[in-house]
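> Quick one, what's the 3D model for this:
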Amino acid sequence: MKHSIQKLPVVIAALLIAAPLSANIDKLFPEELQNAAGESVSRDSLKGKIVGVYFSAEWCPPCRGFTPSLVKFRNANKDDFEVVFVSSDRDAKAQKKYMSGYKMKWPAVKNGSAEARKLKKQFEVRGIPKLVILDQNGKTLTTDGRGAVSRNPGGAIAAWKKSTQ
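Numbering: from 1, shown residues only. A predicted model of the protein is given here:
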């Protein structure tokens with residue numbers, strides 16, 4: 001018995017090192033998100049999908065340049081992929097205008113909310129646009145989703161799925 005107790009801290013340490021460093025989707029996002037019309041969308045709509053956390057704003061020229069590509073990509077892959085928008089727009093009205101104008105059919109975190117600030121801090125957002133890709137469990141697959149969508153729109157989903165296996 002003495003020997004197994006002495007080994008216990010080593011076993012626990014090994015398990016902690018081997019455990020994936022991931023944030024559960026339920027802990028990352030609020031229970032209720034919103035669509036472009038401001039209507040409530042359940043976080044459960046993300047379950048089982050690869051999630052792109054999109055940090056962007058209408059006032060940002062590079063964002064306006066990339067957003068149409070992301071809309072097209074998301075719409076082509078909506079069974080496997082969903083976007084959650086984290087706006088840096090000045091207010092909810094500007095966010096709604098941006099989402100509607102660019103036909104973003106994905107949910108968003110409430111503009112200016114504590115959850116939005118937490119996500120920006122967690123993913124170290126220093127500039128926009130930024131697209132962070134998460135697996136179905138919330139583990140970060142890449143912080144350069146924008147590059148992957150731009151360079152390989154036909155193969156990005158398959159590459160992300162492969163990296164989760």
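> Just the element for the spatially most central residue of the chain, please.
With distances taken as CA atoms, centre = their mean, Val53 lies nearest the centre of the chain, 2.4 Å away. If you go by DSSP states H and E, Val53 is part of strand 50-56.
> what distance separates that strand from the centre of its chain?
Centroid separation for strand 50-56 versus its chain: 4 Å, with CA atoms, centre = their mean, to the nearest Å.
> same deal with stretch 84-95?
For stretch 84-95 - counting by CA atoms, centre = their mean - the centre lies 15 Å from the chain centre.
> Could you tell me the end-to-end distance of that stretch?
13 Å (CA to CA, to the nearest Å).
> Give me the distance between the two termini of stretch 113-129.
19 Å.
> Stretch 33-40 too?
6 Å.
> mind checking how far that stretch is from the chain centre?
The answer for stretch 33-40 is 17 Å, by CA atoms, centre = their mean.
> Check which residues of it are buried.
Across stretch 33-40, burial judged by 16 or more other CB atoms under 10 Å covers 33-36. Quick note: C-beta positions are derived from backbone N, CA and C, even for glycine.
> residue ranges of the helices in this structure, please?
2-18, 25-28, 61-76, 92-101, 114-122, 145-151, 156-163 (DSSP state H).
> who wins for proximity to Ser45 among these?
helix 25-28 (10.6 Å; CB to CB).
> with the buried residues of stretch 33-40 in mind, which one is nearest to Gly138?
Nearest member of those to Gly138, counting by CB to CB, is Leu33, at 14.7 Å.
> if I look at the spatially closest residue to that closest one that is not a sequence neighbour, how far off is Arg43?
Leaving aside its sequence neighbours, Leu33 sits nearest to Pro107 (CB to CB, 6 or more residues apart in numbering; 3.5 Å). Distance of Pro107 to Arg43, given as CB to CB, to the nearest Å: 8 Å.
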